[in-house]
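1. prediction below, plus the sequence it came from.
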Amino acid sequence: MIKINYQELREAAEQATQDEWVAYILPGHNGIYPARTSEGRHCGYFIDWPGIDGQRNAGANARYIASIPPKVALALLAEIKRLEDTNIDAMCRIAELEKQCAEWERKALSNFEECAAMAERIEELQTNSAPDSFGIIGENIRTQDNRITSDPMFCVYQKREIVVDADYDYDRIVWVDEDGNEANKRQSRRLELLHENFREPPEKWRRVAVKDIDEFVTCCFTEQGCKDYLAANGHNLRLPFIYVKSGFRNAEYIGIRNWLAGIRIKGGE
């Protein structure tokens, strides 16, 4: 690659005759090719000796030299300088952006490390401040069978009998006396025979249609919580059972459940 001395070229162009140059081809004048400005000022002779190319390309060389007068050379130098300045500005901008990116990466890494440290600290505080029972609940939430239910809520129900119309849906017929006592099987059979034969039963007895419904008793975050409740209070319930409902879109319940799930048993992994 040819190394160009732009400073020398600029100085030479500034000292040379300005304006446009024109190469005049003068056949028969010993191969002399003068160059003049458009106003007729003489700029010199070019290719006026026969040694170069045997004068075969002398005319073309003269035209080429005349096509790049000082005015054109200075314009090219100015454009080169403008492009160099643009490149320098772009490089400075790139360097500035790279510096900003490096600073942002440093801050992002610092923030990430701070968040990680805060998360560890929060978990530590939760573990240390929460009672052991919360840790057990959290472990059960993480490991229990959720019965394919989103945000499961384990509930205890019992069966409760209500009086219904005998002409509609019911589970069984019972006979009760005036004190509310239910007749035994033998008494019920005799009273039912009287009823079927359209005979009046004794006055103290009343025929009642009843139906079992599910009555809510309590709910827990875990199935084990329901089992513990039944172990302590199941004897007071009628036909108790555990049923799973969902806390879907219940932000309050989900928030507390997730908090409990994040608590670890002290000393555990």
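-> Arrived safely, thanks for sending. Treat the numbers as computed from the prediction; the structure is a model and nothing was measured.
2. from here on, contacts and neighbour counts on C-alpha atoms
-> Fine.
3. for stretch 251-266, list the C-alpha coordinates in PDB.
-> The C-alpha coordinates for stretch 251-266 follow below in PDB (Å, rounded to 0.1, in the frame of the first residue of the first chain):
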ATOM      1  CA  ALA A 251     -54.200 -14.100  46.400                       C
ATOM      2  CA  GLU A 252     -54.300 -14.000  50.200                       C
ATOM      3  CA  TYR A 253     -54.300 -17.800  50.700                       C
ATOM      4  CA  ILE A 254     -51.700 -18.400  47.900                       C
ATOM      5  CA  GLY A 255     -49.400 -15.800  49.400                       C
ATOM      6  CA  ILE A 256     -49.400 -17.300  52.900                       C
ATOM      7  CA  ARG A 257     -49.200 -20.900  51.500                       C
ATOM      8  CA  ASN A 258     -46.200 -19.900  49.300                       C
ATOM      9  CA  TRP A 259     -44.500 -18.300  52.400                       C
ATOM     10  CA  LEU A 260     -45.000 -21.400  54.400                       C
ATOM     11  CA  ALA A 261     -43.700 -23.600  51.600                       C
ATOM     12  CA  GLY A 262     -40.500 -21.500  51.700                       C
ATOM     13  CA  ILE A 263     -39.800 -22.200  55.300                       C
ATOM     14  CA  ARG A 264     -37.300 -25.000  55.900                       C
ATOM     15  CA  ILE A 265     -37.000 -27.200  59.000                       C
ATOM     16  CA  LYS A 266     -34.200 -26.000  61.200                       C
END
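4. what comes up buried for that stretch?
-> Neighbour counts over stretch 251-266 (16 or more other CA atoms under 10 Å) mark 253-254, 257, 260-265 as buried.
5. and the residue nearest the centre of the chain, which of the three is it?
-> A centroid search over the chain (CA atoms, centre = their mean) returns residue 112, at 15.9 Å, as the residue closest to the centre. Recorded secondary structure, residue 112: helix (DSSP: H, G, I helix; E, B strand; the rest coil).
6. for the buried residues of stretch 251-266, which one is nearest residue 102?
-> residue 262 (35.4 Å; CA to CA).
7. surely that closest one meets residue 138?
-> Yes. Using CA atoms under 8 Å, residue 262 is in contact with residue 138, at 6.4 Å.
8. longest strand anywhere in this structure?
-> Counting by DSSP state E, the longest strand found in the chain is strand 206-220.
9. helices or strands next to that one in the packing?
-> Under the contact definition 3 or more CA pairs under 8 Å, 6 or more residues apart in numbering; DSSP states H and E, strand 206-220 sits against strand 152-164, strand 172-176.
10. which one of those strands is the most hemmed in?
-> Among the helices and strands packed on strand 206-220, strand 152-164 has the highest mean neighbour count (mean count of other CA atoms under 10 Å), at a mean of 19.
11. and the contacts of that one?
-> 146, 170, 208-223, 226, 237-247 (CA atoms under 8 Å, 6 or more residues apart in numbering).
12. list buried residues within the residues you listed.
-> 146, 170, 209-211, 219-223, 226, 240-244, 247.
13. low-confidence ranges, the stretch 151-269 of the chain, go.
-> The stretch 151-269 of the chain contains residues with pLDDT under 70 at 266-269.
14. in the protein, what residue spans correspond to strands?
-> Using DSSP E, strands in the chain cover 21-23, 33-37, 42-46, 152-164, 172-176, 206-220, 241-246.
15. closest to residue 100 out of the ones you listed?
-> strand 152-164 (48.3 Å).
16. that closest one versus strand 241-246: what angle between them?
-> Using axes from the mean of the first three to the mean of the last three CA atoms, to 10 degrees, one finds that strand 152-164 and strand 241-246 are set 120 degrees apart in direction.
17. what pairs with strand 152-164, parallel or antiparallel?
-> strand 206-220 (antiparallel), strand 241-246 (antiparallel) (DSSP bridges).
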